[in-house]
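>>> kindly return the folded structure for what I paste below:
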Amino acid sequence: MAPWRQTVRVLFAVHLATAAGFSLVIPFLPLYVKQLGVRNPTHVAFWSGVVFAAPALTMMLAAPLWGWLADRYGRKMMLVRSTLAGAVLLGLMGFVNTVEQLALLRAAQGALTGYIAASNALVAATIPRSHVGESFGFLRTGTWVGTGVGPLLGGFIGELFGYRQSFWFTAVLLTCAGVLVIFFIREPFEGLQAQKKRSFLAAYRMILSTPGLPRIFSMSFVESLGRSMVLPVLPLFMLALMGSTAGVATATGVLLGARALSGSIASLYVGRLGDRIGHGRVVLGGALAMTLLYLPQPFVTAYWQLITLQVLTGLAAVGIIPGIGALISLYVPEGSSGATFGLESSVESLARIIGPMLAIAVVSWLGFRYVFGFVALAFVVVIILALPLYRVVAQRNEGNIPT
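Below is the predicted model of the structure:
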């Protein structure tokens, strides 16, 4: 077996464990806030928003620094840091006594973790360019499966053992992921002297001046913005369609799980397709499909219609997310994969902060249904940004990547 294939297989297990671990605690975080002594419903809503938003904010600020350090000292080291730091912080969350302590640890989680950016940088630096789409698609499958299994597992553990024990279980999962990286990942890292001497600002000036990368970062921002707008309103829209609270949680769980399952299956094939026909074309096709799937959602009249369309978006999304990662890996300046994916992680985090706030504003002004129309509009913007990249394939050195 080629060394790079072993790396991808180990990273698949790491993505599966970390995605399951981080998503495991999501279903009961607001309930944990109440358990920590917050009783007023308004205060529960406020602190729930804080503990959800804090990691995205701190990750946005910290990710470029970790990416720069990865290029200087090794991407594997950053992946070990992100998994083991997550294990320590999630374990500590099971011991907190106040909601303020929980919020601080969640903020630290965002600042010290970021396994996807570290993993993407490692893939971009070690995987042959003709297989980057296949590799990103395979890893995305691990993330989809982990994200689908994690909330179900978290709900079961929380009900059976308690919320605190769920954090400790997550810490065990993340520790296992870190151990896998330490013992089974081999990074042929030779620190480039030019990169070691390049300052933080110089590294990012070089990345932002690389033709093509600013466009791809813009695509990543708009795509993440669109996806994050849906999350806070989906359960509320389901409630409006069903007319009763009975079964809403179950229906939403089925929706998210089915969407994750459809995405995990499609990821295995779409990445390879991008390696053959061009990642720009795959991203363009995925964005077009997302637009067509979101356009009818403001007009649905039954919850099963919404579930069906949302599950189909899981299939369409796999053309965009791994495709953007593969495109970045083709454009990344030599020796700067860590800094490049660190900046991309920061851009995504900013979108995840703005998206929910924008969605709530649209709901307040216009209503739930209009949010899905705005999401469709976001993917129209992705189409426009992707059009110049539709010919991009793996052989960058042959000069066929447009600027």
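>>> mind listing what's buried along the host helix or strand of Leu79?
Using DSSP states H and E, Leu79 falls within helix 75-93. Using 16 or more other CB atoms under 10 Å as the test for burial, helix 75-93 gives 75-87, 89-93. Where C-beta positions appear, they are placed from N, C-alpha and C, glycine not excepted.
>>> how far off centre is that helix?
Relative to the chain's own centre, helix 75-93 is displaced by 17 Å; criterion: CA atoms, centre = their mean, to the nearest Å.
>>> alpha carbons of that helix, as CSV, please.
Extracted as CSV, the C-alpha positions of helix 75-93 are listed here (Å, rounded to 0.1, in the frame of the first residue of the first chain):
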residue,chain,number,x,y,z
ARG,A,75,1.2,19.6,10.0
LYS,A,76,1.1,16.4,12.0
MET,A,77,2.1,18.3,15.2
MET,A,78,-0.8,20.6,14.7
LEU,A,79,-3.2,17.7,14.2
VAL,A,80,-2.0,16.1,17.4
ARG,A,81,-2.4,19.5,19.2
SER,A,82,-6.0,19.9,17.9
THR,A,83,-7.2,16.4,18.9
LEU,A,84,-5.5,16.2,22.3
ALA,A,85,-6.4,19.8,23.3
GLY,A,86,-10.0,19.0,22.4
ALA,A,87,-9.8,15.9,24.6
VAL,A,88,-8.6,17.9,27.6
LEU,A,89,-11.1,20.8,27.1
LEU,A,90,-14.1,18.6,26.5
GLY,A,91,-13.2,16.5,29.6
LEU,A,92,-13.0,19.6,31.7
MET,A,93,-16.4,20.7,30.5
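>>> following it, which helix or strand comes up?
Downstream of helix 75-93 (by DSSP H and E), the next one is helix 99-112.
>>> which other helices and strands contact that next one?
When contacts are defined as 3 or more CB pairs under 8 Å, 6 or more residues apart in numbering; DSSP states H and E, helix 99-112 packs onto helix 29-35, helix 41-73, helix 75-93.
>>> what angle sits between that helix and helix 41-73?
On the basis of axes from the mean of the first three to the mean of the last three CA atoms, to 10 degrees, helix 99-112 is oriented at 30 degrees to helix 41-73.
>>> pLDDT of helix 99-112, averaged?
Averaged across helix 99-112, the pLDDT comes to 95.
>>> next, the buried residues of it.
99, 102-112.
>>> what sits up against that helix?
32-33, 36-38, 47, 50-51, 54-62, 81-82, 85-86, 89-90, 92-93, 96, 349 (CB atoms under 8 Å, 6 or more residues apart in numbering).
>>> which of those residues are buried?
Buried among the contacts of helix 99-112 (16+ other CB under 10 Å): 32-33, 36, 38, 47, 50-51, 54-60, 62, 81-82, 85-86, 89-90, 92-93, 96, 349.
>>> ok, now how distant is Ser267 from Ala2?
Between Ser267 and Ala2 the computed distance is 21 Å (CB to CB, to the nearest Å).
>>> tell me which of the two has more neighbours.
Ser267 (27 against 10; other CB atoms under 10 Å).
>>> isn't the more buried one right next to Trp144, touching?
Yes - using CB atoms under 8 Å, Ser267 is in contact with Trp144, at 6.2 Å.
>>> which neighbours do the two share?
Joint contacts of Ser267 and Trp144 (CB under 8 Å, 6+ apart) are Val318.
>>> distance of Ile116 from Asn40?
36 Å.
>>> between the two, who's got more neighbours?
Using other CB under 10 Å, the more surrounded residue of Ile116 and Asn40 is Ile116, with 22 against 10.
>>> returning to what we had before: out of the helices and strands packed on helix 99-112, flag the one nearest Ala121.
helix 75-93 (4.6 Å; CB to CB).
>>> now for the closest one, which elements pack on it?
helix 3-24, helix 41-73, helix 99-112, helix 115-126, helix 163-184, helix 337-365.
>>> now for the ones you listed, which one comes closest to Gly263?
Closest among the helices and strands packed on helix 75-93, using CB to CB: helix 3-24, at 11.8 Å.
>>> go ahead and confirm Thr98 touches Leu36.
Yes - counting by CB under 8 Å, Thr98 sits close enough to Leu36 to count as a contact (6.0 Å).
>>> what are the buried residues along stretch 145-160?
Across stretch 145-160, burial judged by 16+ other CB under 10 Å covers 145-155, 157-158.
>>> oh, that last question was meant for stretch 368-375, not what I typed.
Going by neighbour count (16+ other CB under 10 Å), the buried part of stretch 368-375 is 368-369, 371-375.
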